[in-house]
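Sequence and predicted structure below; questions after.
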Amino acid sequence: MKALSSIYLFILALTLGVEVAIGLSAPVLFRSDLYITPGTLSALQAGTLLAQVFMKYNYIALFCGFFALLFEIFSWRASEASFQLKLSTLMLSLIIAVLACLFYYFTSYITAAAALGESALDENFARIHEASETTLKIAMIARLGLFFLRAKISVFAPLRAESK
C-alpha cells in the first residue's frame, strides 16, 4: 500500500506540474508577437494550438481524477487517518474527477468552435472559455489540497507513529 501511495502522490504532483506548465505557456502563445515576427500567429491560431495541448492534458487529468477517486475509495478502510481527513480526501478526489470531466467537455466545445473559425468566437464561446479557465484553477487548488492531505496521511502519519 505504501508503494501505491507513493505512486499516487507522484501522479498528483505530475498533474500539478503539467497544469503549471500549461499556465506558463498559454500567455506565451497568445502574446507570440513579443517573441516572433508580429502577425505570425493570430489569436485563433494560438488558441487552436493551445487547444491541442489541452486535449492531451485531458487524458492526464481524467486519469489522475479517476485514479484519485478509486484510490480514496479503496483505501478508506485501510487508512488509520481520522474520519474528517478521510472524508476530505474522498471529497477532493470526487471534485477533481468531476472537474476533469467538465474540462474535457469544455475543451471539446472550444476545439469544435475554433474549427469553425472566427464566426464561432461569440459571447457563448467567451463564457465557455472563461468557465474552462475557472474549472482548471479550481481543479488545481483541489489537487494541491489533496496532495498535501494525502502526504499528511501517507508520509507524515507513519513517521509520527514510529517516533512514539
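In hand now; what should we look at?

Span of stretch 75-94 from start to end?
End-to-end distance for stretch 75-94, by CA to CA, to the nearest Å: 14 Å.

Please identify the buried residues of that stretch?
Using 16 or more other CB atoms under 10 Å as the test for burial, stretch 75-94 gives 75, 79, 81, 85-86, 88-90, 92-94. In this view, the C-beta of every residue, glycine as well, is placed from N, C-alpha and C.

Now do it, average pLDDT.
Here stretch 75-94 scores 93 as its mean pLDDT.

Can you pull out the residues in contact with it?
With contact meaning CB atoms under 8 Å, 6 or more residues apart in numbering, stretch 75-94 is reached by 1, 5, 65, 68-69, 71-73, 142-143, 145-146, 149-150, 152-153, 157.

Give the buried subset of those residues as a PyMOL selection command.
Buried subset of these, written as a PyMOL selection, criterion 16+ other CB under 10 Å:
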select buried, resi 5+65+68+69+71+72+142+143+146+149+150+153+157
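
Which of the contacts of stretch 75-94 fall within strands?
The members of the contacts of stretch 75-94 all map outside strands under DSSP state E.

Where do the helices of this structure begin and end?
Per DSSP state H, the chain carries helices over the ranges 2-30, 43-74, 83-116, 123-151, 157-163.
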